[in-house]
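[1] build me a model from this:
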Amino acid sequence: MPPAREFRRDEPAKRWRVLSGRLIELVPLDRSHAADLYAAGADADIWRHLPGRPFADVADVERWIEQAQQLAAQGRELPFAIVSKSEERAIGSTRYLDIRPEEKAVEIGWTWLAKAHQRTGANTEAKYLMLKHAFEDRGFLRVGFFTDAQNGRARAALVRIGATYEGTLRLHRARLSNGFARDSAVYSVIAPEWSSVRNRLEMKLKSASRR
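    Here you go, the predicted model:
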């Protein structure tokens with residue numbers, strides 16, 4: 001295994017490489033993904049547990065991407081488009097959040113997928129690629145996940161990949177501009193657990209590939 005690289009807050013997002021799996025690729029988010037993401041995010045149910053809202057038009061997606069890129073330029077986040085390899089188009093998005101290189105900790109969040117690609121293995125593979133990159137390529141010690149405490153589907157999915165529930169933060173996420181507020185259930189995977197979690201995810205992905 002090559003030596004782990006450190007996250008650097010001053011490292012331009014464009015230098016980050018594509019993370020490629022069997023079903024999907026995680027490609028650094030840019031304006032070229034706007035039209036695909038507008039179509040992928042059309043169903044309002046996708047946004048029910050997220051602080052965002054359905055995109056009004058492609059220009060709205062472009063503004064959302066620009067905001068994400070600004071956070072990436074500050075070293076605070078690293079956003080990806082989730083690109084279907086079979087369809088060659090973006091079907092959703094995810095990102096690294098709260099990047100803390102001095103503590104070797106990071107969060108994975110802001111994950112959403114087009115309804116047609118939910119429960120297809122795309123989300124599992126995205127989590128696998130991001131966890132693998134964080135632990136094996138970047139030398140992180142902890143990867144956290146925060147999800148709406150009322151989102152039973154997301155919480156069950158985190159348990160299935162082997163993440164550990166740590167508690168619930170009350171009114172943890174709020175966006176007063178649109179009345180959004182939620183309690184967040186906290187999950188994590190830490191470095192000593194990664195080997196077991198990796199094996200579990202690889203087995204799930206092999207099972208999905210046989211369907």
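[2] from residue 172, how far off is the residue nearest to residue 180 when sequence neighbours are not counted?
    Nearest residue to residue 180, sequence neighbours excluded (Cβ to Cβ, 6 or more residues apart in numbering): residue 51, at 4.9 Å. From N, CA and C alone the C-beta is placed, and that goes for glycine too. Note on residue 51: its distance to residue 172, by Cβ to Cβ, to the nearest Å, is 11 Å.
[3] ok, residue 96 touching residue 108?
    Yes. Counting by Cβ atoms under 8 Å, residue 96 touches residue 108, with 6.3 Å between them.
[4] joint contacts of those two?
    Listed as contacting both residue 96 and residue 108 by Cβ atoms under 8 Å, 6 or more residues apart in numbering are 130, 134.
[5] secondary structure element holding the residue nearest to the spatial centre of the chain?
    Geometric centre of the chain, nearest residue: residue 94, 3.1 Å, by Cα atoms, centre = their mean. Residue 94 is part of strand 89-100, with elements assigned from DSSP states H and E.
[6] contacts only, for residue 47.
    Applying Cβ under 8 Å, 6+ apart, the residues near residue 47 are 41, 53, 54, 112.
[7] what subset of the residues you listed is buried?
    Among those, those classed as buried by 16 or more other Cβ atoms under 10 Å are 41, 112.
[8] in CSV: the contacts of residue 47, plus secondary structure.
    Listed next are these as CSV, based on DSSP: H, G, I helix; E, B strand; the rest coil:
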residue, secondary structure
41, coil
53, coil
54, coil
112, strand
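[9] ok, which stretches of the protein are helices?
    34-40, 58-73, 122-132, 152-161, 194-209 (DSSP state H).
[10] check what contacts the first one and list those residues.
    Meaning helix 34-40. 55, 57-58, 60-62, 65, 81, 89-93, 113-114, 117.
[11] which one of the residues you listed is nearest residue 158?
    Closest approach to residue 158 among these (Cβ to Cβ): residue 113, at 15.1 Å.
[12] neighbours around the closest one, how many?
    Other residues within reach of residue 113, judged by other Cβ atoms under 10 Å, total 22.
[13] surely it touches residue 84?
    No. The criterion here is Cβ under 8 Å, and residue 113 misses it with residue 84 at 9.8 Å.
[14] shared neighbours, those two?
    Common neighbours of residue 113 and residue 84 (Cβ under 8 Å, 6+ apart) are 91, 122.
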